[in-house]
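Visitor: prediction below, plus the sequence it came from.
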Amino acid sequence: MNKVYILGGAQTDFERNWEKEGKNMTALLREAVFDGLKGAGLTFDDVRELNKNNRVACFVGNFIAEKYTEQGHLGALLTEVNPAFYGVPSARYEAACASGSAAIDAAQTKIQAGEYDVAVVVGWELMKTVDSRTGGDFLGRAAFYEKEGKGINMPFPRLFGKLADETLKKYGTNEKRYMDALAQIAAINYANAKRNPLAQTRKWFMSYKQASTRGTDTNPIVGGRLAVSDCSQVTDGAAVVVLASENFVRGRGLRDKPVIKGYGHRVAPMLFDRKMEDNRGSSYILPWTRQAVLDAYRRSGLTVEDIDVFETHDCFTSSEYAAVSAFGLTEPGREYEAVESGMIAFDGKKPINPGGGLIGCGHPVGASGVRMFLDLYKQVSGEAGGYQISGVRNAMMLNFGGSATTNYVFVVGEYR
């Protein structure tokens, strides 16, 4: 099977509010794609030349622009970025918060099949166009809206609050120990964000003490046991990665570019309650998430011991907690050990989200999978700057849509 290389990419500054700047989605895409091509060492003229022989395509990840910006047909929207995209095959991919990963998956498949030599993957979302209550209702479409979102204020904090409840119930973990671990996860992600010049919360303050003191004016409860400190952010932003075939890389004389070593893609029951019913025969709270990770290990030929850094979908601290065992860092039910020991901290043995994750860096839902993938590339290529982990050879990400319904895992590593 043909190898798929990563040439580079870019992300926008997730702190920005594009509507307040008077800029629309076209401005967002123009900036992101220009910087993404530059980060990959390409130009719009390169895109034109590749398109003459039908060797380039574009893949757009976005969840729900139809609600936030009243715009669909998002693949074709790239023709508004630059005339170089006239005639270039392009389409939109949607899988809720895993939309960016769905676009990456489609792109890598086309390159593996030999259809294209270069794939430009764009993930984006503008979320600050509406108030928080309206936005929460929009995001409810990532669940089974009629049963889990419609008429419910902030449905996703409630769903991931239920994940916390079910985790305690399944494993019998001491509640204080569990909640303290969630607070520590929040504190780690906020601290890591301060290392990242593009993170949304890089100027914010969040200590372990504040994160562990829930139900206060500064850290109110938003869903079940979860408070504001346990939540990812409402974010405007885009991320771009450029993938390439081995023929293209060799033809350009490029060396030492990271490759996609493995992937996993599994879908769990849509309804949260059915997920919990489904896990009764498994030791894992999210068995299909675990299976996606196992598929990625199998395809890559690697084990958890070979992975130097992880990116995970910390839409809420309860989801990162569940990811710890899904990755294989601890046995299920003992995830707190990785938190308490410092294993997942920036200077730990197996760091998670060194750039801040969704909680610290931000979560423009259609862009998050691409941003996470870009950060794997940065870690492996040594380009992560202030949040670089030393000596990274292999990195893994977990990105999911809905209440861990669509699960995507990618492994990026050095090519040897």
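Guide: Looks like it arrived, so ask away.

Visitor: the stretch 1-150 of the chain: helices as residue ranges?
Guide: Applying DSSP state H, counting those that start in this stretch to the stretch 1-150 of the chain gives helices spanning 25-39, 44-52, 65-68, 99-112, 132-139.

Visitor: out of those helices, the one nearest residue 260 is which?
Guide: Nearest of the helices of the stretch 1-150 of the chain to residue 260, taken as CB to CB: helix 99-112 at 5.6 Å. C-beta here means a position set from N, CA and C on the backbone, and glycine is covered the same way.

Visitor: could you give the average pLDDT over the closest one?
Guide: Here helix 99-112 scores 98 as its mean pLDDT.

Visitor: may I see the buried residues of that helix?
Guide: Within helix 99-112, the residues scored as buried using 16 or more other CB atoms under 10 Å are 99-108, 110-111.

Visitor: name the residues of the helix ranked longest in the chain that are buried.
Guide: In the chain, with assignment by DSSP state H, the single longest helix is helix 175-193. Residues of helix 175-193 classed as buried: 178-193 (neighbour count, 16+ other CB under 10 Å).

Visitor: list the residues that contact residue 29.
Guide: Residue 29 sits next to 77-78, 80-81, 122, 124, 238 when contact means CB atoms under 8 Å, 6 or more residues apart in numbering.

Visitor: buried ones among those residues?
Guide: Using 16+ other CB under 10 Å, the buried members of those are 77-78, 81, 122, 124, 238.

Visitor: most tightly surrounded among the helices of the stretch 1-150 of the chain?
Guide: Counting by mean count of other CB atoms under 10 Å, helix 99-112 has the highest mean neighbour count of those, with a mean of 25.

Visitor: and it, how far out from the chain's middle?
Guide: 14 Å (CA atoms, centre = their mean, to the nearest Å).

Visitor: next: stretch 88-101.
Guide: For stretch 88-101, the separation from the chain centroid amounts to 13 Å (computed by CA atoms, centre = their mean).

Visitor: so which bits of that stretch are buried?
Guide: Buried residues in stretch 88-101 (16+ other CB under 10 Å): 88-90, 92-101.

Visitor: pretty sure residue 202 contacts residue 196?
Guide: Yes - contact criterion CB atoms under 8 Å: residue 202 and residue 196 qualify, at 6.1 Å.

Visitor: those two: who's more crowded?
Guide: Between residue 202 and residue 196, residue 196 has the larger neighbour count (other CB atoms under 10 Å), namely 25 against 22.

Visitor: who touches that one in this structure?
Guide: Neighbours of residue 196 in contact, by CB under 8 Å, 6+ apart: 202, 355-356, 360-361, 385-387.

Visitor: again with residue 340
Guide: By CB under 8 Å, 6+ apart, the contact set of residue 340 is 181, 184.
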